[in-house]
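**Q** build the 3D model from these lines:
(4 chains)
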Number of protein chains: 2
Amino acid sequence: MTKNFDHHKIDEIIHSRIRLSIMAALATVDVMDFLTLLDEVNTTKGNLSVHLSKLEENGYIVTEKKFVKKKTLTLCKITPEGITAFHEYLNMVEEFARKAATGKDSNQ
Amino acid sequence: MTKNFDHHKIDEIIHSRIRLSIMAALATVDVMDFLTLLDEVNTTKGNLSVHLSKLEENGYIVTEKKFVKKKTLTLCKITPEGITAFHEYLNMVEEFARKAATGKDSNQ
DNA sequence: AATTTTGGTTTATATTTTAAACCGGTTTAA
DNA sequence: TTAAACCGGTTTAAAATATAAACCAAAATT
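**A** Model (predicted):
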């Protein structure tokens, strides 16, 4: 009965509103550029930059900087490990949701 | 196409590993006491106390302090608003998951 | 050739999280 | 008895995290 909802089961790297949004957005495509992601996630450039760095440090995404028409273009791509971690994250949330849905016996 | 993954869609009160765990645990029962919750969520007393306060300030739970056998007993109960918010939270995560699952066209 | 815009990064501040220290009371051991 | 240890929490001070303003180099516009 105990430890059904241990908070350590939730991946803290993915579990941040912005990073969850980033991971979900990147899961939909092969690659997405910085500015498209900025619009999808609806945050500031500074925030996006910081959170992309954190995801990259943890191997969940990779970024590539290119020049296109003399302008910088940052491409973001989810890694296989990132996809796995994202799915595990969703599975844990679903597990919490499922356990929450089944209960409703009083314990007092 | 745009703003599919707006991070503002995620309820920031619920979206904390510990508070999500608390809400999921309280959704399973009528009431749960502090120490049972402490065990389910697997955190420290200080953390649980702080996060319960935050949930209570936002009307998502209520607490009641009683004495049983000369000892204090804190009972925690999710409110109807808390249940609604919790379900909306889960729906948003599911929406992200569903949109993430359907994509996989390159945008570059 | 100065100004503005673009595509970001750095960084200082604000917010949140964490757990150690504390607290009033109770039980146990001496 | 009494003092040491325990119980059920709360407070708070420090650490970690998130945020957006300020910044930057290069390109475009005036």
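**Q** surely residue A:26 and residue A:75 touch.
**A** No: if you go by C-beta atoms under 8 Å, residue A:26 and residue A:75 don't touch, sitting 10.5 Å apart. (Each C-beta comes from the backbone N, C-alpha and C, glycine too.)
**Q** more neighbours, the two?
**A** Looking at residue A:26 and residue A:75 with other C-beta atoms under 10 Å in any protein chain shown, you find the greater number of neighbours at residue A:26, namely 27 against 19.
**Q** count the residues that sit near residue A:48.
**A** For residue A:48, the count of nearby residues is 21 (other C-beta under 10 Å).
**Q** look up the closest residue to it, ignoring the ones flanking it.
**A** Of all residues not flanking residue A:48 in the chain, residue A:38 sits nearest, at 5.3 Å (C-beta to C-beta, 6 or more residues apart in numbering or on different chains).
**Q** wait, a strand at the one you found?
**A** No: with the criterion set as DSSP: H, G, I helix; E, B strand; the rest coil, the secondary structure at residue A:38 is helix rather than a strand.
**Q** give me the contacts around stretch A:50-64.
**A** For stretch A:50-64, the surrounding residues in contact (C-beta atoms under 8 Å, 6 or more residues apart in numbering or on different chains) are A:13-14, A:16, A:18-19, A:22-23, A:26, A:34, A:37, A:74-79, A:81-82, A:85-86.
**Q** show me which of those neighbour DNA strand D.
**A** Among the contacts of stretch A:50-64, the ones lying near DNA strand D by C-beta under 7 Å from any atom of the strand are A:16, A:18, A:19.
**Q** could you measure from whichever residue of chain A sits closest to DNA strand D over to residue B:27?
**A** Nearest residue of chain A to DNA strand D, counting by C-beta to the nearest atom of the strand: residue A:46, 2.4 Å away. For residue A:46, the distance to residue B:27 under the criterion C-beta to C-beta, to the nearest Å works out to 36 Å.
**Q** these two: which has the busier surroundings?
**A** Set side by side, residue A:46 and residue B:27 give different neighbour counts by other C-beta under 10 Å, the larger being at residue B:27 (22 against 8).
**Q** show me what the strand or helix carrying residue A:21 is packed up against.
**A** In this assignment (DSSP states H and E), residue A:21 forms part of helix A:17-27. Contact analysis of helix A:17-27 by 3 or more C-beta pairs under 8 Å, 6 or more residues apart in numbering or on different chains; DSSP states H and E lists helix A:34-41, helix A:45-57, strand A:61-68, strand A:71-78, helix A:80-102, helix B:80-102 as its packing neighbours.
**Q** tell me which of the ones you listed sits most buried.
**A** Looking across these with neighbours counted as mean count of other C-beta atoms under 10 Å in any protein chain shown, the highest average goes to helix A:34-41: a mean of 19.
**Q** ok, the residue nearest to residue A:48 touching residue A:47?
**A** No: judged on C-beta under 8 Å, residue A:38 makes no contact with residue A:47 at a distance of 9.1 Å.
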